[in-house]
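Colleague: From the sequence below, what's the structure:
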Amino acid sequence: MALLDWSGMPIHEAIKADWKTPELLIEGSLNCAKTTVALDKEVDALLRWPGIPILLFRWTEDALSTKLRPVFESILSIRGVGSEWDAKQKRYTLENGSIAYAFGLKAVSDVERYNKIRGLGVHRIMGDQVEEMERSVADELRARLRPDLMGTVTGKNFPFQLTFVANPSDDEFWLSRQFPTDNRIKGRKLYSLCVFDNKHLPQESIDS
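Modeller: Numbering: from 1, shown residues only. Down below sits the predicted model:
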């Protein structure tokens, strides 16, 4: 099976190897490969724990369809991982039984704000561009990290982890408060990336 090459990129390698920290924030500039490494890690999880249910999201359905899903599908293709997309259920099912739900979280109205995620039980959540959503939605997501019905019935105990991917924000923004640069909050860790951490980026892109 083909793998994406993260060698010589120590921060990306650290992100891929961190399975124990309950909550991660991967923060970085354009072209630092923050979304790619986060999605590649979720593919690792889907393969590492057959049957695990996870959630991949963006704030809007349009951004998910045009940006996040194409990258995820490209990674699956590069790595030779077969899957089927169920448009009605909004989920990928891998050959080993693992499931990746993928949808936008934004609701039509405030009344329906949490309808898309309430009742959903997953063991991993990975959200891209999470600075676009409100803090209350992030707090609601944390309650979705719980055993799904099938896991409860079969007794499969998969590990939990929440990963946020975002562009840098000022110190007063809710994400910055929840993931301070000194990593002083137990159970949460900030990984900061920049373009110079991405060895695959052409020099002309770095220069620009």
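Colleague: For the residue nearest the centre of the chain, list each beta-bridge partner.
Modeller: Of all residues in the chain, the one closest to the mean position by Cα atoms, centre = their mean is M126, 2.0 Å from it. With beta bridges defined as DSSP bridges, M126 has these partners: L56, T163.
Colleague: remind me which residues of this structure are low pLDDT?
Modeller: Regions of the chain meeting the criterion pLDDT under 70 cover residues 1, 108-113, 148-155.
Colleague: Go again with 80.
Modeller: Confidence mapping of the chain against pLDDT under 80 gives the ranges 1-2, 108-116, 119, 146-157, 205-208.
Colleague: Would you tell me which helix is longest in the chain?
Modeller: Scanning the chain for the helix with the most residues, using DSSP state H, yields helix 34-48.
Colleague: buried residues in that one?
Modeller: Using 16 or more other Cβ atoms under 10 Å as the burial criterion, the residues of helix 34-48 that qualify are 34-43, 45-47. Bear in mind the C-beta positions are built from the backbone N, C-alpha and C, glycine included.
Colleague: and if you look at stretch 131-142?
Modeller: Of all the residues in stretch 131-142, those buried under the rule 16+ other Cβ under 10 Å are E131, E132, M133, V137, A138, E140, L141.
Colleague: And the residues you listed, which two are furthest apart?
Modeller: Farthest apart among those by Cβ to Cβ are E131 and E140. That separation is 16.5 Å.
Colleague: one step back: not counting the longest helix of the chain itself, show me its contacts.
Modeller: Contacting residues not belonging to helix 34-48 are listed as 4, 6, 12, 15-16, 26-28, 52, 54, 56, 68, 71-72, 75-76, 79, 81, 94, 96, 98, 100, 124, 126, 128, 161, 163, 165, 193 [Cβ atoms under 8 Å, 6 or more residues apart in numbering].
Colleague: ok now that helix, how far from the chain's centre?
Modeller: 8 Å (Cα atoms, centre = their mean, to the nearest Å).
Colleague: same deal with stretch 75-83?
Modeller: What separates the centre of stretch 75-83 from the centre of its chain is 17 Å, taken as Cα atoms, centre = their mean.
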